[in-house]
Each structure stands twice: as C-alpha cells, then as structure tokens.
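> Return a 3D structure for these sequence lines:
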Amino acid sequence: MIKLPIKFSENDKVGIFIDEANIFYAQKELGWKIDWKKFADLLRQNFNLKILRYYLGMPLSGEQKIRNLKIKKNLESFGYAVISKPLKKIYLDGKKKKFRYKCNFDVEIALDVAPEAGEKLVKLEAFFEVPYIPFFLGSKFQIRQKGPGFY
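Below is the predicted model of the structure:
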C-alpha cells in the first residue's frame, strides 16, 4: 500500500474534485495516462473519502462522444460521481476558421466546494481539487474560515 505524505485522522472526511479538462491537457503534454481505478483505490486507502467527483466535458456527437460515454461509465464503476456537460466550440481567430472544443467547470467546482454545498452533502475536513487552479480563491478562503483544509 502506498502512503501519501498528507496526514489526516481516520475521522476526517475528505472530498476530491477532479477537473478533466486540465488533467487531459497535462497528460497529453507529458505523455502520461492516469489509471483512475488505482487513483481512487489510493485515495480510499489514505483518506476517509466521502466525495469523489470527476468533471467531464462531453462531445456533442460522433466517436468522441461514444469514447467519453465509455470513460464516464468506467469512472462511475470505480466510484466516481461524474458531472458532465456539453463541450463548446471556442473560436481562436476572428474569421471563425480555427477553433477548439472546450468545457469549463470552474464555477461548478467552486460551488461544489463552497461551505453551504459541502454542509448539505457531508461536513468535510479537507478538499482537494485535482489539478488545483487558483481561479476561485474566494471559495478556498471561505472554506478555511469554516475550518476544513483545501489542497
């Protein structure tokens, strides 16, 4: 069993929030592939895991949508709660010829880790956003005022 360097008591409840869009590009750049089953198992071995959420952009059609539906099904079988919404076409030039599909979950993640949402679900002592992006520091500071750690 792998032990993580972060320590909590057995009673501390932990929430994990994973933003797939940011993980996707990091994996692509580095040539890595995360085994999400092993990751979930590692988290359960090291924490009193109460929330495990994965935010997944969903293509509108075609083979990419079929692939993402399979990913969603697999993640759910590993114990992740998968939140998805359609990808949007973002144009990169004024002529609308170059574009990229994108899905932004920053607001949803911020609302999910906000103290009022956390208390409705389960009182958590620690929140982890994977990967951590400092866009919504307000929710981080609100949570710290209530007591839980945010990583």
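
> show me where pLDDT drops low in the protein?
1-11, 115-151 (pLDDT under 70).

> Give the partner strands of the lengthiest strand in it in its sheet and their orientations.
Scanning the chain for the longest strand, with DSSP state E as the assignment, gives strand 48-58. Take DSSP bridges as the rule and strand 48-58 pairs in its sheet with strand 13-19 (parallel), strand 81-86 (parallel).

> Tell me which of the ones you listed sits nearest to Gly62.
strand 81-86 (12.8 Å; CB to CB). Every C-beta, even on glycine, is put in place using the N, C-alpha and C of the backbone.

> which outside residues touch the closest one?
Contact partners of strand 81-86, identified using CB atoms under 8 Å, 6 or more residues apart in numbering, comprise 51-60, 68, 72, 75-76, 103, 105, 108.

> Against which helices or strands is the helix or strand Asp41 falls within packed?
Using DSSP states H and E, Asp41 sits within helix 36-46. Helices and strands touching helix 36-46, by 3 or more CB pairs under 8 Å, 6 or more residues apart in numbering; DSSP states H and E, are strand 48-58, helix 62-77.

> Quick check: which of those has the most neighbours on average?
Scoring those by mean neighbour count under mean count of other CB atoms under 10 Å gives strand 48-58 as the most buried, with a mean of 20.

> ok and that one relative to helix 62-77, angle-wise?
Comparing the axes of strand 48-58 and helix 62-77 via axes from the mean of the first three to the mean of the last three CA atoms, to 10 degrees yields an angle of 170 degrees.
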